[in-house]
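J.: got a structure for you, letters missing:
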């Protein structure tokens, strides 16, 4: 008997809730898919910003965790995680200093590199401390954000190999521009084209650098496509564990307008604070709760079919009631699948964990605000 | 001699900087304008999320501080602030419980009310504790978000007055829909129309309720317009102290395309992390730093005229280099006026304070994440 369990709708709002039933299915499904294809998972903590979730992913079989920033890696290490890959190049003396200080506590830490100047800076700083680090070469396959062009990758790899403190372990090739293409077939063609480019670099590198065994790439939107690609060794998937309205609206292999592989584990609860109008109500979640990016949040609950969220300032949302859906009175708690999950999560301090309708725990979002 | 002062460009990035020279001018200018018009200031902490800034505003002459949420008020009270007005109606037992617990520590706390059901809930909860509270009637002058319609205001005021635990001190009438109208003349007409509607309610109330002495309204975009209105007693201005790209682009009385009253005190520093392309570079501030709302951030520094920011994912920005501006190398720190300041600030944990080019202090953004 757990007579004292709290119902999720008795939580104060706005707040983030993780439906653990859905979340555990998502976790298992991704891990099984990767394992069956003979690939590894290195899930991205930039999405969930939560070391407890990273531990769960490791327990489920992941071989490591990705961090977008050195400040995220610092929190992960403090929380007992290891085998962390920092997926963005660190290019300033300040950032490299933080990396090396962290390396002392976490010898398995890896980072990506993509430019001769920052590689030289990193190698010199390591030399001073008589330390070394494993690195991946960040290859730009069309996102054009970071990374070296494939045509210049081998020359830069030579330079990395010439640095005794850097161990080149492979490549990273993230095709962020491909992940949200609505059509599955178009997304498939685009992703395989990117992987082919990266794969060519990888195989040429492998021929000359024996330590090159890691080809880290992919994302939630292309996970099943990329698992069919022979040379890739690990997936950097992030959103699959939480999911959001934007990802759920892209097509999948079996459904042209819905991403059916993973369910919406992440929800946001918000309360009606004003019901003084015909056709809409005001709720207590605005820009500072649902991040204004990607698709609009969508409502859960059969009674509320026909309700549509829109932002209504920093602290408020407008929930429009179409199709004669009953206008909810003030105090009503509504449950939404969120807009873009990564920056939405980054606005909160904790997840409430639920099983069925009950709150069964709390996880701090301990990487929140780690933007450096 | 302060030989050890840190130059702002030596800060790790992304980070938020407050130019204290500009900030103090903004503070003084608003306070002097209000005082000369015989009006009070109750600046809004929802913008800056910082109790140290609220103290500075009080020291400059403000009569109190606004908070959008009870959780913000909790932090302000803990930091020693009083005369706090919560500007959103609290409608659930959970929120009213938090309000009453806070009232024990801060007897000068006020809240707004706008609905018979939540007023009854509040009055009953206060009765149980043998406590009372000062309230303002929230009047909806066209934003349609919270508040009672002007035509129903007097009836609801009667109901408030019938509750022995509630002291009706006046009205709130925030015209958020007017603040960013680009044309000064159109904004002026719209704001005065809203104030006139609220003023009619206020004068009718005053005739029957002797304690009604507060008419709280206005925002940064209409402050100088609203100061000319006879019945308003206090301004709830927020953004004026920090400012952002969106507000700086609206017209003012003396300039059709620029808001000249206040300067950009808030800046965001970001570093070039990739410079591998013609025509643009990648910086380390993305959606989780500059909030994607309102106008785009704009760059400061004469050498960088012709650079344009755009979002480039959660962790990155793309800085496009127009007009043959020199492409900055990796490691270069760039200084931007931010997009919408409120939700941008809410993504960071601290402000670095600068005088000239030097870092002279740090303020915690201690209300960050207070969305409840």
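T.: Alright, I've got the coordinates. From a predicted model like this one, the values you see are computed outputs, not experimental measurements.
J.: quick one: stretch A:355-372 near chain B?
T.: Yes: contact between stretch A:355-372 and chain B, assessed by CB under 8 Å from any CB of the partner chain, occurs at A:368, A:369, A:371, A:372. Every C-beta, even on glycine, is put in place using the N, C-alpha and C of the backbone.
J.: end to end, how far does that stretch reach?
T.: 34 Å (CA to CA, to the nearest Å).
J.: so how far is it off the chain centroid?
T.: Put simply, stretch A:355-372 sits 15 Å off its chain's centre (CA atoms, centre = their mean, to the nearest Å).
J.: pLDDT of whichever strand or helix holds residue A:25, averaged?
T.: Following DSSP states H and E, one finds residue A:25 within helix A:20-36. Mean per-residue pLDDT for helix A:20-36: 98.
J.: Show me what it is in contact with.
T.: For helix A:20-36, the surrounding residues in contact (CB atoms under 8 Å, 6 or more residues apart in numbering or on different chains) are A:40-41, A:43, A:56-57, A:60-62, A:223-224, A:227, A:235, A:237, A:240-243, A:261-265, A:353-356, A:360.
J.: Equivalent analysis for stretch A:229-237, please.
T.: Under the contact criterion CB under 8 Å, 6+ apart, stretch A:229-237 has outside partners A:30, A:34, A:39-44, A:63, A:66, A:85, A:87, A:170, A:172, A:174, A:192, A:195, A:199, A:202-203, A:213-220, A:223, A:226-227.
J.: same thing with stretch A:173-182?
T.: Outside stretch A:173-182, the residues that touch it by CB under 8 Å, 6+ apart are A:87, A:138-139, A:141-143, A:145, A:147, A:187, A:190-191, A:194-195, A:197-198, A:201, A:215-222, A:236, A:246-247, A:249-251, B:313.
J.: Filter those residues down to the buried ones.
T.: Neighbour counting over the contacts of stretch A:173-182 (16 or more other CB atoms under 10 Å in any protein chain shown) leaves A:87, A:138-139, A:141-143, A:145, A:147, A:187, A:190-191, A:194-195, A:197-198, A:201, A:215-222, A:236, A:246-247, A:250-251, B:313 as the buried ones.
J.: that older thread, which of the contacts of stretch A:229-237 fall in strands?
T.: Of the contacts of stretch A:229-237, the ones assigned to strands by DSSP state E are A:40, A:41, A:66, A:85, A:170, A:172, A:214, A:215, A:216, A:217.
J.: my guess is the third one meets residue A:47, correct?
T.: No: counting by CB atoms under 8 Å, residue A:47 is not a contact partner of residue A:66; they are 9.5 Å apart.
J.: Between these two, which has more neighbouring residues?
T.: residue A:66 (30 against 27; other CB atoms under 10 Å in any protein chain shown).
J.: Would you enumerate the residues in contact with that one?
T.: Residue A:66 touches A:42, A:43, A:44, A:45, A:46, A:84, A:85, A:86, A:87, A:236, A:238, counting by CB under 8 Å, 6+ apart.
J.: picking that back up, name the member of the residues of stretch A:355-372 next to chain B with the most neighbours.
T.: Ranked by neighbour count (other CB under 10 Å), the residues of stretch A:355-372 next to chain B have residue A:371 at the top, with 25 neighbours.
J.: Quick check: residue A:367 vs chain B, distance?
T.: 11 Å (CB to the nearest CB, to the nearest Å).
J.: what about that residue, how many neighbours?
T.: Neighbour count for residue A:367, taken as other CB under 10 Å: 27.
J.: Just give the nearest non-adjacent residue to it, would you?
T.: residue A:49 (3.8 Å; CB to CB, 6 or more residues apart in numbering or on different chains).
J.: same question, residue A:65
T.: Of all residues not flanking residue A:65 in the chain, residue A:54 sits nearest, at 4.8 Å (CB to CB, 6+ apart).
J.: Now do that neighbour against residue A:370, distance only.
T.: Here the distance between residue A:54 and residue A:370 works out to 13 Å (CB to CB, to the nearest Å).
J.: Which residues are in contact with each of residue A:66 and residue A:47?
T.: residue A:238.
J.: picking up where we left off before, which of the residues of stretch A:355-372 next to chain B fall within strands?
T.: Among the residues of stretch A:355-372 next to chain B, no member falls in strands (DSSP E).
J.: want to try JSON lines for those residues, with pLDDT as columns?
T.: What follows is the residues of stretch A:355-372 next to chain B, written out as JSON lines (pLDDT from 0 to 100):
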{"residue": "A:368", "pLDDT": "98"}
{"residue": "A:369", "pLDDT": "98"}
{"residue": "A:371", "pLDDT": "98"}
{"residue": "A:372", "pLDDT": "98"}
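J.: Can I get those residues in TSV including distance to residue B:93?
T.: Shown next, in TSV, are the residues of stretch A:355-372 next to chain B (distance: CB to CB, whole Å):
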residue	distance to residue B:93
A:368	28
A:369	31
A:371	37
A:372	40
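J.: between those, which is nearest residue A:74?
T.: Nearest to residue A:74 out of the residues of stretch A:355-372 next to chain B is residue A:372 (CB to CB; 9.2 Å).
J.: how about the residue lying closest to that closest one once chain neighbours are set aside, secondary structure?
T.: Using CB to CB, 6+ apart and skipping residues adjacent in sequence, the residue nearest residue A:372 is residue A:71, 4.3 Å away. Three-state call for residue A:71 (DSSP: H, G, I helix; E, B strand; the rest coil): helix.
J.: correct me, but residue A:71 touches residue A:371?
T.: Yes: between residue A:71 and residue A:371 there is a contact under CB under 8 Å: 7.0 Å.
J.: longest helix anywhere in chain A?
T.: Counting residues, the longest helix found in chain A (DSSP state H) is helix A:184-208.
J.: Name the nearest residue to residue A:277, sequence neighbours excluded.
T.: Nearest non-adjacent residue to residue A:277, counting by CB to CB, 6+ apart: residue B:144, 6.1 Å away.
J.: residues in the stretch 151-300 of chain A within reach of chain B, list them.
T.: Within the stretch 151-300 of chain A, the positions lying close to chain B (CB under 8 Å from any CB) are A:176, A:271-277, A:282, A:284-285, A:287-289, A:291-293.
J.: Now do the contacts for the closest residue to residue A:201 other than its chain neighbours.
T.: Leaving aside its sequence neighbours, residue A:201 sits nearest to residue A:153 (CB to CB, 6+ apart; 4.6 Å). Contacts for residue A:153 (CB under 8 Å, 6+ apart) come out as A:137, A:139, A:171, A:201, A:205.
J.: Return the closest of those with respect to chain B.
T.: Using CB to the nearest CB, residue A:139 is the member of the contacts of residue A:153 that lies nearest chain B, at 11.3 Å.
J.: in the sheet, who's paired with the closest one?
T.: Residues in a beta bridge with residue A:139, per DSSP bridges, are residue A:148.
J.: quick one on the thing from earlier: secondary structure class for the residue nearest to residue A:201?
T.: Here residue A:153 is helix, with the state taken from three-state DSSP.
J.: and the helix holding residue A:25, how far out from the chain's middle?
T.: With CA atoms, centre = their mean as the basis, helix A:20-36 stands 15 Å off its chain's centre.
J.: So for it, what gets flagged as buried?
T.: Buried residues in helix A:20-36, defined by neighbour count with 16+ other CB under 10 Å: A:20, A:22, A:23, A:26, A:27, A:30, A:31, A:33, A:34.
J.: one step back: from the residues of the stretch 151-300 of chain A next to chain B, list the buried ones, please.
T.: The buried subset of these - by 16+ other CB under 10 Å - is A:176, A:271-276, A:282, A:284-285, A:287-289, A:291-293.
J.: Of all pairs in those, which one is the farthest apart?
T.: Pairwise across these, and taking CB to CB, the largest span is found between A:176 and A:276, at 43.1 Å.
J.: so where's the stretch 101-250 of chain A shaky on pLDDT?
T.: The model of the stretch 101-250 of chain A has no residue with pLDDT under 70.
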